[in-house]
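Engineer: got a predicted model here, sequence first, then my questions.
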Amino acid sequence: MTRSICISIISFALLISAQISYGKSIDFDLLAATPVGSWQLREDIETNHKGKQRVSRIRSSLVGSETRNGEKHFWVEMAMESFKVKKSGKRKQEGKRVIMKSLIPASLFSADPENIMNNLRGFGVETIMQTGNEEPMRMNTDGMMAGMMSAMQADINYDFEPLGSEQVSLESGTYDTTKIQGSGTVEMKVMFKKMKVESDSTVWLSPKVPFGTVKIEGSTNTNGKTSTNVSELLEFGLSGAVSEITQEPVDMPEMPKMKDLFGG
C-alpha cells in the first residue's frame, strides 16, 4: 500500500461526504433524488494561488444496493479524470483515470454534515479502487478512516446554513435550487507536516438531479495559500448507471501502521 493510494482514499471519502452530507437542517432528501442507476457528471475547475488551473471531471453514480448486518447499504461510484490547463487554454491529462466504489450505510444519507465528518463509519464499510486498466483492489474500510484521521490528528469543524431558493442557469439547463453556504476548518498532520485548511463554499442543490449538486463555488486556504474552485453540472440521468469496475477485485495487502504513514 503506497502513501499516494492512502491519500487518494481520504480524498475519495471527503468527496463522498461533500456530495451526500447536507443534513437534516438543509431539508434535502438525497435518496429521493438519487435512485439506484442514476448518475451525474460535473466539471471542477481549481485555480491555485499562482493562477494555474487544474480541471477535474467527476462522474458520480449510485450503482447498486445490498443489505449487510441487517442494514441497507448503497454502492456509490466515482470516476475521476484530471487535466492540467496550459497557458494556451489546452488541457493535458494528468495521471490515469481513477474509479472508486464505496459501500455506504443508508443511514448516512440522512445524517448531519458535522456528524458525517466525525462519524467515520459513514465513509463506507468497503471500497474498491481501480487506476487505469490496472487490477481493481478491494479494501475493507470499516474503521480504516477512523484510524487515518486519528493518526493525522485531524480536527474537523464545518457548518452549513440554508440561504433560500434560487434559479440557476448553466449550459446543461436551468434548475430551481436550494442555496446553502458552508464554512469550516480542518487541521491535521500529514507526513510530519502540520496542515490547516480553511474553506468556504456555496452549493446549489436540486431535488431533480442525482446527488443534488448543480453548482459549487468556493475557496480554500491551505497553510496561507488560497485557491478557488468552481464546479458545474454537465449532464445527468436517472437510470442506466452500472459499475465501470467489471473485473473481480483482489484484496489489498494489509495496510502499514497509520503512524508510519502519517507521522502520528
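Structural biologist: Great, that's in hand. Residues are numbered from 1 along each chain as shown.
Engineer: please enumerate the strands of this structure.
Structural biologist: 39-47, 53-68, 71-85, 91-93, 98-105, 126-131, 137-139, 155-170, 173-190, 193-205, 213-222, 225-237, 250-251 (DSSP state E).
Engineer: can you lay out those strands as a markdown table showing distance to Phe28, mean neighbour count and mean pLDDT?
Structural biologist: For glycine as for every other residue, the C-beta is placed from the backbone atoms N, C-alpha and C. Formatted as a markdown table, those follow (distance: least, C-beta to C-beta, whole Å; neighbours: other C-beta atoms under 10 Å; pLDDT from 0 to 100):
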| stretch | distance to Phe28 | mean neighbour count | mean pLDDT |
| --- | --- | --- | --- |
| strand 39-47 | 15 | 18 | 93 |
| strand 53-68 | 15 | 17 | 92 |
| strand 71-85 | 16 | 18 | 90 |
| strand 91-93 | 33 | 12 | 88 |
| strand 98-105 | 16 | 22 | 88 |
| strand 126-131 | 25 | 21 | 88 |
| strand 137-139 | 29 | 18 | 85 |
| strand 155-170 | 9 | 13 | 81 |
| strand 173-190 | 6 | 17 | 82 |
| strand 193-205 | 6 | 17 | 81 |
| strand 213-222 | 10 | 19 | 88 |
| strand 225-237 | 16 | 16 | 93 |
| strand 250-251 | 36 | 10 | 89 |
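Engineer: isn't Thr220 right next to Lys196, touching?
Structural biologist: No - using C-beta atoms under 8 Å, Thr220 is not in contact with Lys196; the gap is 10.9 Å.
Engineer: how close does the closest residue to Asp251 other than its chain neighbours get to Asp29?
Structural biologist: Among residues not flanking Asp251 along the chain, Arg138 sits closest, at 5.4 Å (C-beta to C-beta, 6 or more residues apart in numbering). Here Arg138 is placed at a distance of 31 Å from Asp29 (C-beta to C-beta, to the nearest Å).
Engineer: next one: Val242
Structural biologist: Taken as C-beta to C-beta, the span from Val242 to Asp29 is 24 Å.
Engineer: and of the strands of the chain, who's closest to Ala33?
Structural biologist: strand 193-205 (8.4 Å; C-beta to C-beta).
Engineer: direction included, what does the closest one pair up with?
Structural biologist: strand 173-190 (antiparallel), strand 213-222 (antiparallel) (DSSP bridges).
Engineer: dump these to JSON lines, plus distance to Ser88.
Structural biologist: Formatted as JSON lines, the strands paired with strand 193-205 follow (distance: least, C-beta to C-beta, whole Å):
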{"stretch": "strand 173-190", "distance to Ser88": "30"}
{"stretch": "strand 213-222", "distance to Ser88": "25"}
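Engineer: nearest spatial neighbour of Met137, skipping sequence neighbours?
Structural biologist: Excluding the flanking residues, the one nearest Met137 by C-beta to C-beta, 6+ apart is Met252, at 4.4 Å.
Engineer: how much space between the one you found and Arg42?
Structural biologist: Taking C-beta to C-beta, one finds Met252 at 28 Å from Arg42.
Engineer: just Val85 next, same as before
Structural biologist: Applying C-beta to C-beta to Val85 and Arg42 gives a distance of 17 Å.
Engineer: try Gly218
Structural biologist: 13 Å.
Engineer: beta partners of the closest residue to Glu161 other than its chain neighbours?
Structural biologist: Leaving out its chain neighbours, the residue that sits closest to Glu161 by C-beta to C-beta, 6+ apart is Gln181, at 5.7 Å. Beta-bridge pairing for Gln181 (DSSP bridges): Glu161, Thr202.
Engineer: do I have it right that Gln181 meets Ser201?
Structural biologist: Yes - Gln181 is in contact with Ser201 according to C-beta under 8 Å; the separation is 7.3 Å.
Engineer: got a list of what Arg59 touches?
Structural biologist: Residues near Arg59 by C-beta atoms under 8 Å, 6 or more residues apart in numbering: 39-41, 78-80.
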